[in-house]
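Asks: quick one, structure for this:
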Amino acid sequence: MKHYKTDNLNILLEKKPSTPRFCVSFLFRTDKKEKYYGINSLLARLLLQGTKTKDAKTLADEFENECIDITSKAKQDYIKISLVFMNCDFDLALKLAKDILLNSTMNDFEKEVFKMKGEIISDLDNPKMKLTDAFVKNIFKSHPYSSTHTKILDDLDKITKQDILDAHKQMLNSFGAICVVGDYQNDEEMVNYFKNNFDFLNLTNNIESEIENIHSLNENEIIKVEKDDVSQAQIIQGWLVDSFDSSNCAKYALLNNILGASGLSSRLFVNLRDKQGLAYNVRSQYETFLHSAIFNMYIGTTPKNIKKSLSGFESELKKLVDVLVEDEELTGAKENIQGRLKYFSQNNSQINASLSYNFLMGLGLDYNERFIEEIKKVSAKDVQDMAKKLLESKKLISIIARKEDFIGL
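Replies: Down below sits the predicted model:
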């Protein structure tokens, strides 16, 4: 992928000859704190709900009739609008994208607030969603990353249409990029196309972020979420750790793969589910963001096994500290990570998503290759050190169960 910087645009181009579909994405990094939780999520939804020339239905019909797939979403660090379309529809798809970015009216504001509220309430009826909400909200406390369903629900009625219009204006003038992956003739023509048609964007200023880095917790904490209509207990235990800006990133990735991210062969699955029968489902996860990262373990179990499951988490980490990972297991984990990276870089959408994200996070367009080289260097001692670091760090445990299941806990 090549990076072209104009006066006001970062344009990322990856030529993929003989592919039938383009993927074009517009990424806007959110370096400013939201006035209220949920503004960016609401903005992302409203961008697809009508422009000055087309109402929501007309817009949706046009995308559907032309087989243009468009998504708009807000994540912890960015807002992204992505389009996938046939090569012959390039001009039409980008014309529609321009209309959405430049002319969205936000006229369905009240309707979208009502819909969003209903969807959040429905989602929170799901025990695992409720558990995750409590975990994320509490591990990040007052940090902007704590913008969970419950926090958004508390703030939704405070948000005004003017707040959304202000956020939209701010979005168009944030650090970001236009990323294009597909079959096109030459780079110069593509760059000129976006210079001429999207000159209203200002995506080159690398604005200093208002959001602070946070990589550790101050104290151990247990969050108990009572839900009387659940038959199983679900547990998340996690830590704030170093993100991809650290030399520990590849080491945590290997620890995660060995511990619980490699499916049926992972240690949590084999030892807690197969051998001890503790789990309906068990896994670990290492999730990186621009300003932080979370390493966590999850298990769904019978209520009587809550304590045993927590002991199992600690036991598996202690095993990794006490006995070095053997070469065969370490090599298998490295191959698994490399294979996943390759597998999820097959089509134009996947390539677009990976490379544009790496650029937006300041990692560089060659980050995947550099990350693989870092993975290859990780030793058994490195995995041991990361497991020890987790055991010695402050953690947060979130549990959802019936009230009576918490007795004695």
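Asks: check the gap between residue 204 and residue 1 for me.
Replies: Computed as Cβ to Cβ, to the nearest Å, the residue 204 to residue 1 distance reads 17 Å. In this view, the C-beta of every residue, glycine as well, is placed from N, C-alpha and C.
Asks: ok, the two, which is more surrounded?
Replies: More neighbours surround residue 1 than the other of residue 204 and residue 1, with 18 against 14 (other Cβ atoms under 10 Å).
Asks: element containing the closest residue to the more buried one other than its chain neighbours?
Replies: Among residues not flanking residue 1 along the chain, residue 14 sits closest, at 4.3 Å (Cβ to Cβ, 6 or more residues apart in numbering). Taking DSSP states H and E as the criterion, residue 14 maps to strand 10-15.
Asks: so what are the sheet partners of the helix or strand just after that strand and their directions?
Replies: The helix or strand immediately downstream of strand 10-15 is strand 21-29, counting by DSSP H and E. Based on DSSP bridges, the strands next to strand 21-29 in the sheet, each with its direction, are strand 78-86 (antiparallel), strand 176-182 (antiparallel).
Asks: any idea how far the residue nearest in space to the middle of the chain lies from residue 361?
Replies: The central residue of the chain, meaning the one whose C-alpha is nearest the mean C-alpha position (Cα atoms, centre = their mean), is residue 75 at 6.0 Å. Using Cβ to Cβ, one obtains 11 Å as the distance from residue 75 to residue 361.
Asks: can you check residue 354 too?
Replies: In this view, residue 354 and residue 361 are 11 Å apart by Cβ to Cβ.
Asks: list of residues touching the strand holding residue 14?
Replies: Applying Cβ atoms under 8 Å, 6 or more residues apart in numbering, the contact partners of strand 10-15 are 1-5, 176-184, 187, 190-191, 194, 203-204, 348, 351-352, 355-356, 359, 365.
Asks: again, but for stretch 357-373
Replies: Outside of stretch 357-373, the residues that reach it under the criterion Cβ under 8 Å, 6+ apart are 1-3, 10, 12, 27, 29, 77-78, 175-177, 179, 244, 249-250, 290, 338, 341, 345, 354-355.
Asks: would you map the helices across the stretch 251-400 of the chain?
Replies: If you assign secondary structure with DSSP state H, counting those that start in this stretch, the helices in the stretch 251-400 of the chain sit at 267-268, 306-322, 327-343, 348-360, 367-377, 380-392.
Asks: do the same with the stretch 51-200 of the chain
Replies: Taking DSSP H, counting those that start in this stretch as the test, the helices found in the stretch 51-200 of the chain are 56-65, 90-103, 109-123, 127-140, 149-155, 161-172, 187-197.
Asks: now the last one: buried residues?
Replies: So the one you mean is helix 187-197. Neighbour-count burial for helix 187-197, counted by 16 or more other Cβ atoms under 10 Å, picks out 190, 191, 193, 194.
Asks: what angle separates that helix from helix 90-103?
Replies: Interaxial angle of helix 187-197 relative to helix 90-103 (axes from the mean of the first three to the mean of the last three Cα atoms, to 10 degrees): 40 degrees.
Asks: off-centre distance for helix 187-197?
Replies: 30 Å (Cα atoms, centre = their mean, to the nearest Å).
Asks: and it, what does it pack onto?
Replies: Using 3 or more Cβ pairs under 8 Å, 6 or more residues apart in numbering; DSSP states H and E as the contact criterion, the neighbours of helix 187-197 among helices and strands are strand 2-5, strand 10-15, helix 90-103, strand 176-182.
Asks: any chance of a markdown table for those, columns mean pLDDT and mean neighbour count?
Replies: Supplementary listing: those in a markdown table, determined by pLDDT from 0 to 100; neighbours: other Cβ atoms under 10 Å:
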| stretch | mean pLDDT | mean neighbour count |
| --- | --- | --- |
| strand 2-5 | 96 | 13 |
| strand 10-15 | 97 | 20 |
| helix 90-103 | 97 | 17 |
| strand 176-182 | 98 | 26 |
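Asks: would you tell me which of these gets closest to residue 144?
Replies: The closest approach between residue 144 and any of these, judged by Cβ to Cβ, belongs to strand 176-182 at 17.6 Å.
Asks: isn't residue 69 right next to residue 89, touching?
Replies: No - at 10.9 Å, residue 69 does not count as touching residue 89 under the criterion of Cβ atoms under 8 Å.
Asks: ok, those two, which is more surrounded?
Replies: More crowded of residue 69 and residue 89, by other Cβ under 10 Å: residue 89, with 17 against 14.
Asks: ok, now which ones touch the more buried one?
Replies: Shown here is residue 89, whose contacts under the criterion Cβ under 8 Å, 6+ apart are 66, 67, 68.
Asks: please apply the same query to residue 158.
Replies: Residue 158 makes contact with residue 36 under the criterion Cβ under 8 Å, 6+ apart.
Asks: and residue 125, how far from residue 285?
Replies: Applying Cβ to Cβ, one obtains 23 Å for the distance of residue 125 from residue 285.
Asks: neighbour count winner among those two?
Replies: When residue 125 and residue 285 are compared on other Cβ under 10 Å, the one with more neighbours turns out to be residue 285, at 15 against 10.
Asks: no more questions from me, cheers.
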